[in-house]
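A.B. asks: what's the 3D shape of this:
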Amino acid sequence: MVQITAKMVKELRDRTGAGMLDCKKALEATNGDVDKAIDYLRERGIAQAAKKSGRVAAEGLASFVVKDNVAVVFELNSETDFVSKNKEFLDLLDTVGNAILESGATNTEEALEIKVNDGTLADALTNATAKIGEKITLRRVSRFTKEDDQGFGAYAHMGGRIVSLAVLAKQDEDLGKDIAMHIAASNPKFLDRNQVDQDTLDHEKEVLTNQALQEGKPAHIVEKMVVGRLNKFLEEICLVDQPFVKDNDVKVKQHLKNNNNDVLSFVRLEVGEGIEKKEEDFAAEVAAVTKGL
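C.D. replies: Residues are numbered from 1 along each chain as shown. All right, here's what the predicted structure looks like:
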């Protein structure tokens, strides 16, 4: 039997929003497996883990740079929100974006090797760290190219806390911005159902099946319930199936059809996703719930 630690309980709570006691119980039931514990909580209706798992806070800004038929999207991180608002950081953000765009770099590793002044971009970040007084890091660099008749749509929310970019089949500046805004607001994971991988489908079907069984539904009803709930799940995670953010009576695919256009690809970055933030002092709550662990 795996020992359930306070750190494990806190991680599960951060990822699900569930109460400490529920998290402790879920971890005990799943022998300390956090991912299985998330499913355990979801199956019992205790947590909406699908929307919260993997979203751990960190600071900095995400940004995009568009020029002609090329666009780059990236995230530049700092240790505090205060630093991400100062002029030196904002100037660095522009420098990094333009350097990546002009270099041809397609990912973070390539971007860090870009020649800047007398060194590399990695050296420039090291120098910025020394000057600003906080660790500055680059991550999640993406590069997009389009044809002359295709279009980009980009949007920055809260100055760069969330940025999104979409590639449209046809140029349409207003539509592109609306779609990018929708992506920022609704956080789709896939473009359409054809892009959803089988592992994701199988996992969600298993969770929904167990959820229905936990509700005490008879077996012959469970299958129909799962089909309906799986369809709803796909509507939530697929861009074209989501209700359009500016008109909830119309789905994105219908809005695109009305404008004789399509989305070819997209990206959405939210600052801090996947980065574990420095532990906060939450000893009192942990001690109260995990005493004796």
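A.B. asks: Low-confidence ranges, the protein, go.
C.D. replies: Confidence mapping of the chain against pLDDT under 70 gives the ranges 17, 47-57, 276-293.
A.B. asks: All the helices of the chain, residue numbers only.
C.D. replies: Applying DSSP state H to the chain gives helices spanning 6-16, 20-29, 34-43, 49-52, 81-84, 87-103, 108-112, 121-132, 173-186, 198-214, 219-237, 252-258, 283-290.
A.B. asks: quick one: the first one to chain centroid distance?
C.D. replies: For helix 6-16, the separation from the chain centroid amounts to 19 Å (computed by C-alpha atoms, centre = their mean, to the nearest Å).
A.B. asks: and that helix, what other elements does it pack with?
C.D. replies: Helix 6-16 sits against helix 20-29, helix 34-43, helix 49-52, helix 283-290, with contacts defined as 3 or more C-beta pairs under 8 Å, 6 or more residues apart in numbering; DSSP states H and E. In this view, the C-beta of every residue, glycine as well, is placed from N, C-alpha and C.
A.B. asks: what residues are up against L138?
C.D. replies: L138 makes contacts with 74-77, 96, 108, 111-112, 121, 125, as judged by C-beta atoms under 8 Å, 6 or more residues apart in numbering.
A.B. asks: Name the nearest residue to D241, ignoring sequence neighbours.
C.D. replies: E235 (4.3 Å; C-beta to C-beta, 6 or more residues apart in numbering).
A.B. asks: neighbours around that neighbour, how many?
C.D. replies: Close neighbours of E235, defined as other C-beta atoms under 10 Å, add up to 14.
A.B. asks: okay but it is in contact with K253, surely?
C.D. replies: No: assessed by C-beta atoms under 8 Å, E235 is found out of contact with K253, at 10.8 Å.
A.B. asks: could you dump stretch 223-240 to CSV, C-alpha only?
C.D. replies: What follows is stretch 223-240, C-alpha atoms only, in CSV (Å, rounded to 0.1, in the frame of the first residue of the first chain):
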residue,chain,number,x,y,z
GLU,A,223,-24.7,2.4,-22.8
LYS,A,224,-27.2,4.9,-24.1
MET,A,225,-26.3,7.4,-21.4
VAL,A,226,-22.6,7.1,-22.3
VAL,A,227,-23.2,7.7,-25.9
GLY,A,228,-25.1,10.9,-25.1
ARG,A,229,-22.5,12.1,-22.6
LEU,A,230,-19.6,11.2,-24.9
ASN,A,231,-21.2,13.3,-27.6
LYS,A,232,-21.5,16.2,-25.2
PHE,A,233,-17.8,15.8,-24.2
LEU,A,234,-16.8,16.0,-27.9
GLU,A,235,-18.8,19.1,-28.4
GLU,A,236,-16.9,20.7,-25.5
ILE,A,237,-13.4,19.8,-26.7
CYS,A,238,-13.7,20.2,-30.5
LEU,A,239,-13.5,23.7,-31.9
VAL,A,240,-16.1,23.4,-34.7
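A.B. asks: A62 is nearest to which of the helices of the chain?
C.D. replies: Nearest to A62, of all the helices of the chain, is helix 87-103, at 9.3 Å by C-beta to C-beta.
A.B. asks: Which elements pack onto the closest one?
C.D. replies: strand 59-67, strand 70-78, helix 108-112, helix 121-132, strand 137-145.
A.B. asks: so how far is it off the chain centroid?
C.D. replies: The answer for helix 87-103 is 22 Å, by C-alpha atoms, centre = their mean.
A.B. asks: cool, stretch 189-209 as well?
C.D. replies: With C-alpha atoms, centre = their mean as the basis, the mean position of stretch 189-209 lies at 17 Å from the chain mean.
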